[in-house]
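Participant: no sequence on this one, just coordinates:
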């Protein structure tokens, strides 16, 4: 079985490291790729230079407060792209604002999770996300190909 590909878009190095630690303790084989801005995320997902050989992620963990291109813009772009829209997107952010929650669900987020402030709760939340998406949910087997064709025009 191939490793599970998780793409984390997070500009806070501390939160990225906590996520890495939480997923490292998983019983599953998870490859975590971390990018620190929305522009890189879109290039990666579209396999644009310098990410032409990027693996298609099985799950996208997306912060909203990102440099260059916001997390909400990334979410909208992913869900508007016919080759990416089936990608599960978990918004993992510090904002509890109801307007942001509503906008993200309207844009197609699969779920919205508020980052807890303490270490133990953060680890628990990431472990819960991992368990739900890779042990509970039945994923589309067609999405599990190693390197599907490059996405076409949006």
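Facilitator: Sure thing, it's come through. Only a predicted model underlies this, so the values are computations on that prediction, with no experimental measurement involved.

Participant: please enumerate the strands of this protein.
Facilitator: Counting by DSSP state E, residue ranges of the strands within the chain are 4-9, 30-35, 59-62, 89-93, 111-114.

Participant: quick check: angle from the first one to strand 30-35?
Facilitator: Interaxial angle of strand 4-9 relative to strand 30-35 (axes from the mean of the first three to the mean of the last three C-alpha atoms, to 10 degrees): 20 degrees.

Participant: residues contacting strand 4-9, please?
Facilitator: Counting contacts by C-beta atoms under 8 Å, 6 or more residues apart in numbering, the residues outside strand 4-9 that touch it are 16, 19, 23, 28-38, 40-41, 44-45, 55-63, 66, 71, 74, 134. From N, CA and C alone the C-beta is placed, and that goes for glycine too.

Participant: of the residues you listed, grab the buried ones for PyMOL.
Facilitator: Remark: buried members of the contacts of strand 4-9, expressed as a PyMOL selection using 16 or more other C-beta atoms under 10 Å:
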select buried, resi 16+19+23+30+32+34+35+36+37+38+40+41+44+45+55+56+57+58+59+60+61+62+63+66+71+74+134
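
Participant: check contacts around residue 33.
Facilitator: The contact partners of residue 33, taken as C-beta under 8 Å, 6+ apart, are 5-8, 44, 54-55, 57.

Participant: please redo it, this time with the cut-off set to 6 Å
Facilitator: Contacts here follow C-beta atoms under 6 Å, 6 or more residues apart in numbering; on that basis residue 33 touches residue 7.

Participant: just how off-centre is the lowest-mean-pLDDT helix or strand in the chain within its chain?
Facilitator: For the chain, counting by mean pLDDT, DSSP states H and E, helix 119-131 ranks last in confidence among helices and strands (a mean of 81). Its chain's average C-alpha position is 15 Å from that of helix 119-131, according to C-alpha atoms, centre = their mean, to the nearest Å.

Participant: in it, what counts as buried?
Facilitator: Of the residues in helix 119-131, those buried by neighbour count under the rule 16+ other C-beta under 10 Å are 122-123, 125-126, 129-130.
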